[in-house]
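Student: Could you look at this predicted model? Sequence included:
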Amino acid sequence: MRFDIITLFPELFAPFLSHGINRRAFESRQVDVRLWQLRDFAEGNYRRVDDRPFGGGPGMVMQPDPLYRCWQAIRADRGADLPGADPVPTVLFSPLGERIAHPVVERFCSGAGAILVCGRYEGLDQRFIDACVDVQLSLGDFVLSGGEIPAMALLDSVARLQPGVLNDAGSHQQDSFNPALDGLLDCPHYTRPEVWQGPQGEVPVPPVLLSGHHGQIEAWRRQQSLRQTAQWRPDVLDSVRARGALSKRDEQWLRAQALDKDVR
């Protein structure tokens with residue numbers, strides 16, 4: 001899959017693409033990332049890409065013409081308009097967008113990629129959005145200086161789901177929000193030493209994890225996922241319950257632990 005990124009700061013992506021375990025996906029071109037400097041498509045000596053907003057107000061707005069020329073160049077380079085070409089969505093990172101969540105990431109994992117538009121300043125001229133943007137995505141209910149960080153977050157999530165990227169092929173199956181966990185949060189994890197000398201004294205690893213009894217360990221991990229989700233993200237638990245993904249045993253355990261929202 002291929003992701004083309006329209007940005008004023010392509011240099012921000014260099015360390016992201018060359019470090020960490022996900023670099024395997026980028027170096028192998030399993031996730032082919034191509035950076036497009038928007039100023040290369042601006043005119044004039046100053047390569048200006050922004051101007052003051054009509055109607056007044058603070059800040060600057062990104063002009064539609066450089067964006068459109070860059071967008072056209074990307075589509076031509078991809079052959080997006082040729083017969084039989086895979087659909088290539090254009091994505092803008094915006095507060096108006098759908099929140100990036102696991103199902104969103106999975107949609108991109110099964111496609112041909114996308115054109116990612118990283119806005120800056122007060123935003124983009126609405127005419128470019130209306131004409132060229134297919135999808136708007138948001139990282140959360142807060143404001144960033146640009147779309148580069150959300151773009152990296154999306155690419156990171158997509159890259160780690162590619163075959164061969166993680167050392168253990170089953171690692172992502174235990175991730176929070178993964179369908180393998182019915183969308184619950186992941187359980188707590190422990191490693192050596194078996195007894196840790198913490199600030200409040202000795203803290204041992206839960207005995208069940210040392211038992212070697214796989215059935216009991218699996219049941220404990222399920223219960224801890226339920227506990228974590230109920231305590232920290234009750235909204236997620238409600239969503240899992242609404243989909244019918246909680247078993248009768250899950251519900252009984254939640255009630256017994258006074259973790260069900262109707263009991264607390």
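Tutor: Sure thing, it's come through. Note that this is a predicted model, so its numbers are computed, not measured.
Student: so the closest residue to residue 257 other than its chain neighbours, which of the three states?
Tutor: Once flanking residues are discounted, residue 257 sits nearest to residue 227: 6.8 Å by CB to CB, 6 or more residues apart in numbering. C-beta coordinates here come from the backbone N, C-alpha and C atoms, glycine included. Three-state call for residue 227 (DSSP: H, G, I helix; E, B strand; the rest coil): helix.
Student: Let me know whether residue 227 touches residue 258 as I believe.
Tutor: No: the criterion here is CB atoms under 8 Å, and residue 227 misses it with residue 258 at 10.9 Å.
Student: Quick check: the gap between the nearest residue to residue 22 once chain neighbours are set aside and residue 111.
Tutor: Spatial nearest neighbour of residue 22, chain neighbours left out: residue 159 (4.1 Å); criterion: CB to CB, 6+ apart. Counting by CB to CB, to the nearest Å, the gap between residue 159 and residue 111 amounts to 14 Å.
Student: Looking at these two, which has the bigger crowd around it?
Tutor: Taking neighbours as other CB atoms under 10 Å, residue 159 and residue 111 compare with residue 159 leading, 24 against 14.
Student: how far away is the more buried one from residue 241?
Tutor: Separation of residue 159 from residue 241 (CB to CB): 31 Å.
Student: For stretch 95-114, C-alpha coordinates in PDB please.
Tutor: Provided in PDB are the C-alpha atoms of stretch 95-114 (Å, rounded to 0.1, in the frame of the first residue of the first chain):
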ATOM      1  CA  PRO A  95     -11.400  18.300  14.300                       C
ATOM      2  CA  LEU A  96     -14.500  17.600  12.100                       C
ATOM      3  CA  GLY A  97     -13.300  14.100  11.400                       C
ATOM      4  CA  GLU A  98     -14.100  10.600  12.600                       C
ATOM      5  CA  ARG A  99     -12.000   9.700  15.600                       C
ATOM      6  CA  ILE A 100      -9.200   7.400  14.600                       C
ATOM      7  CA  ALA A 101      -9.900   4.000  16.200                       C
ATOM      8  CA  HIS A 102      -9.000   0.400  15.500                       C
ATOM      9  CA  PRO A 103     -11.700  -0.200  12.900                       C
ATOM     10  CA  VAL A 104     -10.500   2.900  11.000                       C
ATOM     11  CA  VAL A 105      -6.900   1.600  11.000                       C
ATOM     12  CA  GLU A 106      -8.100  -1.800   9.700                       C
ATOM     13  CA  ARG A 107      -9.900  -0.200   6.800                       C
ATOM     14  CA  PHE A 108      -6.600   1.300   5.700                       C
ATOM     15  CA  CYS A 109      -4.800  -1.900   6.200                       C
ATOM     16  CA  SER A 110      -6.900  -3.600   3.500                       C
ATOM     17  CA  GLY A 111      -6.800  -0.800   0.900                       C
ATOM     18  CA  ALA A 112      -4.300   0.700  -1.500                       C
ATOM     19  CA  GLY A 113      -3.400   3.500   0.800                       C
ATOM     20  CA  ALA A 114      -4.300   7.100   0.700                       C
END
